[in-house]
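Trainee: Provided below are the primary sequence and the corresponding predicted coordinates.
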Amino acid sequence: MTVRIIRLGTARHPDEGLRIGTVRRPPRGVPKEEFASQNWYDVWFPNLAPSVATMTLGAAAQTAAQWAAFTKKYRAEMAAPDNARTLDVLAALSRQANFSVGCYCEDEAHCHRSVLRALLTERGAKVV
């Protein structure tokens, strides 16, 4: 059993399980009833997406220092009690079921999902 960190909109892995979209906004121009069939996500969970201000900071980051500032701010958001409990639940579920979490960004290294990967791993999640 594992949690996969994926790019939304890509082909699904055979053992991927439920796909959770951790994005601030749904995909543009896609009818809601087609989100899953087009491999975007099965469940939209914006609670784990960066705030708009933090997302803007990450998108503009061009240096290691700017990316570190984004990471610090996003980690602080994820340390809020509700978000921390959600991460704890996902980490526990990863030991019982297959599922995935993802975002639209092409490069995981420059995306909040790289931080999500670390946060889940730190909580003992089985991450692929």
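Mentor: On my side now, so go ahead.

Trainee: Around Ile7, count how many other residues there are.
Mentor: One correction, residue 7 is Arg, not Ile. If you count neighbours by other CB atoms under 10 Å, Arg7 ends up with 16. In this view, the C-beta of every residue, glycine as well, is placed from N, C-alpha and C.

Trainee: Could you find the closest non-adjacent residue to it?
Mentor: Gly102 (5.8 Å; CB to CB, 6 or more residues apart in numbering).

Trainee: ok, now Gln96?
Mentor: Spatial nearest neighbour of Gln96, excluding adjacent residues (CB to CB, 6+ apart): Met1 at 5.7 Å.

Trainee: for Asp82, same thing?
Mentor: Asn47 is the one closest to Asp82 (CB to CB, 6+ apart), at 7.1 Å.

Trainee: likewise Ser114?
Mentor: Among residues not flanking Ser114 along the chain, Glu108 sits closest, at 5.1 Å (CB to CB, 6+ apart).

Trainee: got the buried residues for the longest helix seen in the chain?
Mentor: Longest helix in the chain by number of residues (criterion: DSSP state H): helix 64-78. Buried residues in helix 64-78, defined by neighbour count with 16 or more other CB atoms under 10 Å: Trp67, Phe70, Thr71, Lys73, Tyr74, Glu77, Met78.

Trainee: Quickly name whichever of those residues is closest to Glu122.
Mentor: Nearest to Glu122 out of the buried residues of helix 64-78 is Met78 (CB to CB; 10.5 Å).

Trainee: give me every residue that touches the closest one.
Mentor: Shown in contact with Met78 (CB atoms under 8 Å, 6 or more residues apart in numbering): Leu48, Ala84, Leu87, Val115, Leu116, Leu119.

Trainee: ok, those vs Glu16, which is closest?
Mentor: Of all the contacts of Met78, Glu16 sits closest to Leu116, with 15.7 Å by CB to CB.

Trainee: if we can go back for a sec, most neighbours among the contacts of Met78, which one is it?
Mentor: Of all these, the most densely surrounded is Leu116 (25 neighbours; neighbours counted as other CB under 10 Å).
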